[in-house]
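> Sequence below, structure please.
(one chain, ligands or ions: 1)
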Amino acid sequence: MQNIDKDFFMKMHAFIQKHELTYGGKRFLSKAILILSLFFLSYAAILLFHGWYAIIFVAVLTFAKIEIGLSVMHDANHGAASKKSFLNKLLGNTLLLVWLSPSNWREKHNVRHHGQTNVLDHDEDIDVAPFLLRFSEHKPLYLIHKLQHVYAWFLYPIQTVQWIFFWDFSMSWRYSEGKPTNKRLLHIWKMAAIKLFYVFFMIVLPRLLTPYSLWTIIGVFFIMHWVIWFTTAVVFQLAHVVEHAEMVKERKDSFVLHQFATTADFAPNNPILTRLFWWLNYQVVHHLFPKVCHIHYPKIAKEMRKVTKKLGIDYKVNSTFVDALKAHVIQLRILWNNFS
Ligand SMILES: [Zn+2]
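Predicted structure coming up:
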């Protein structure tokens, strides 16, 4: 471990232990129960009560899905929800409620994204639409990238549907490294069954039990996913694909310096946004302490500001949401101007 990593973690771990800032405990569990209740109740309401007010139920269901993705399953799959591993496993599997494979997600997110943040050909989060989006100066440049700062916003939202129906399968194949074992093949079959259940619950069942037309249901399905992925994409792109956040070919020797170089916080003083994004606007804290529950991030960020100042580390923060949006657009334009 590099000396700077030792110094940083020694100081920060002392603070975290002193203030017992680790698991989510009862506060996290009560939030998770609330979100899961909203999920099931809004879905039941869509099937049972028909009228214009169904828009409200759809909005609540969409909100619940976003919150499951951003926090309930995210914290749990990092092992940060509870000190009890069975609870982390149980809540981590709520990812199935948005019909994605928890094991693929852990490999993609915990191992590849957290372990190799913004590293070319390792971090799949910077490779969301090969050819169409250029997030790294080490990627090939095409004429179409001149407009990527405009059309990127229309591509982000379709990615949930892509992930559910295509990426989960391609990931399974890739992660087996060309040697698919029987276990992996069984996993692929199970995923196929899960996706069919998804179509059944989201399209077939509403068509059978409600008066809405098939096209209305399919339209709502796509709008719901548009909103889900737009929100999720915004959280992650504004933390990693912004001006001054580095895209690299290899991970730096210092894990700490690597995370500070490739990640930025945004809008830390915006209480509404912070709650909507479940504290993931404190993304630098999350990357350095992924096993700490989100409810502790503001306190840790405050201490981290002092520690980084002492150690001479550049801690990137875009103060407002608008600043972060601008930094993202600027970065997309820089990546067009950058002929490497
Ligand atoms: Zn994470």
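> wait, doesn't residue 163 sit right on residue 101?
No - using C-beta atoms under 8 Å as the test, residue 163 is too far from residue 101 to be in contact (9.8 Å). C-beta: built from backbone N, CA, C; applies to glycine.
> what are the phi and psi angles of residue 136?
Dihedral pair for residue 136: phi -130, psi 140, per degrees, to the nearest 10.
> State the pLDDT value of it.
Looking at residue 136, its pLDDT is 88.
> Might you report the residue contacts of the nearest residue to it once chain neighbours are set aside?
Spatially, and ignoring its direct neighbours in sequence, residue 136 is nearest to residue 247 (3.7 Å; C-beta to C-beta, 6 or more residues apart in numbering). By C-beta atoms under 8 Å, 6 or more residues apart in numbering, the residues touching residue 247 are 118, 120, 126, 135, 136, 137, 138, 262.
> Near the nearest residue to the fourth one once chain neighbours are set aside, how many other residues are there?
Excluding the flanking residues, the one nearest residue 135 by C-beta to C-beta, 6+ apart is residue 126, at 4.2 Å. By other C-beta atoms under 10 Å, the residues close to residue 126 number 25.
> check contacts around residue 126.
Residues in contact with residue 126, defined by C-beta under 8 Å, 6+ apart, are 118, 120, 135, 136, 240, 241, 247.
> Then residue 280?
70, 71, 74, 235, 239, 286, 294.
> Now flag whichever of those is closest to residue 203.
Proximity of the contacts of residue 280 to residue 203 (C-beta to C-beta) peaks at residue 70, which lies at 24.5 Å.
> Alpha carbons only: can I get stretch 74-81 in CSV?
Output of stretch 74-81 as CSV, limited to C-alpha atoms (Å, rounded to 0.1, in the frame of the first residue of the first chain):
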residue,chain,number,x,y,z
HIS,A,74,-26.9,-0.8,-3.7
ASP,A,75,-26.0,-0.5,0.0
ALA,A,76,-26.9,-4.1,0.6
ASN,A,77,-24.8,-5.5,-2.3
HIS,A,78,-21.9,-3.5,-0.9
GLY,A,79,-22.5,-5.2,2.5
ALA,A,80,-23.2,-1.7,4.1
ALA,A,81,-26.9,-2.1,4.9
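> where along the stretch 51-200 of the chain do the helices fall?
All helices of the stretch 51-200 of the chain, identified by DSSP state H, counting those that start in this stretch, fall at 54-67, 73-77, 85-92, 102-105, 114-115, 148-155, 159-162, 168-175, 182-199.
> count of residues packed around the residue nearest to residue 236 when sequence neighbours are not counted?
Leaving aside its sequence neighbours, residue 236 sits nearest to residue 125 (C-beta to C-beta, 6+ apart; 6.1 Å). When counting by other C-beta under 10 Å, one arrives at 20 neighbours for residue 125.
> Ok, the one 3 residues further on next?
A total of 21 residues lie near residue 128 under the criterion other C-beta under 10 Å.
> For residue 103, which residues are in contact?
Contacts of residue 103 by C-beta under 8 Å, 6+ apart are residue 187.
> For residue 80, see how far away it is.
Counting by C-beta to C-beta, to the nearest Å, the gap from residue 103 to residue 80 is 18 Å.
> Which residue of this protein lies farthest from its centroid?
Most distant from the centre of the chain: residue 211, at 34.8 Å, with distances by C-alpha atoms, centre = their mean.
> Can you list phi and psi of that one for me?
phi -80, psi 0.
> what do you get for the one 5 residues further on?
Summarising the backbone geometry of residue 216 under the convention degrees, to the nearest 10, its torsions are phi -60, psi -50.
> From residue 210, how far off is it?
According to C-beta to C-beta, residue 216 stands 9 Å off from residue 210.
> same thing with residue 151?
Where residue 210 is concerned, residue 151 sits at a distance of 35 Å (C-beta to C-beta).
> And for residue 91?
Residue 91 is 30 Å from residue 210, by C-beta to C-beta.
> quick one, which of those two is more surrounded?
residue 91 (24 against 16).
> now, among the contacts of residue 126, which is nearest to residue 177?
Among the contacts of residue 126, residue 120 lies closest to residue 177 (C-beta to C-beta), at 18.7 Å.
> hang on, residue 332 packs against residue 151?
No - in this structure, residue 332 is not within contact of residue 151 by C-beta under 8 Å, at 9.9 Å.
> Which one's more surrounded, those two?
residue 332 (24 against 15).
> sec struct for the more buried one, please.
helix (DSSP: H, G, I helix; E, B strand; the rest coil).
> Give me the nearest residue to it, chain neighbours excluded.
Using C-beta to C-beta, 6+ apart, the nearest residue to residue 332 is residue 149, at 3.9 Å.
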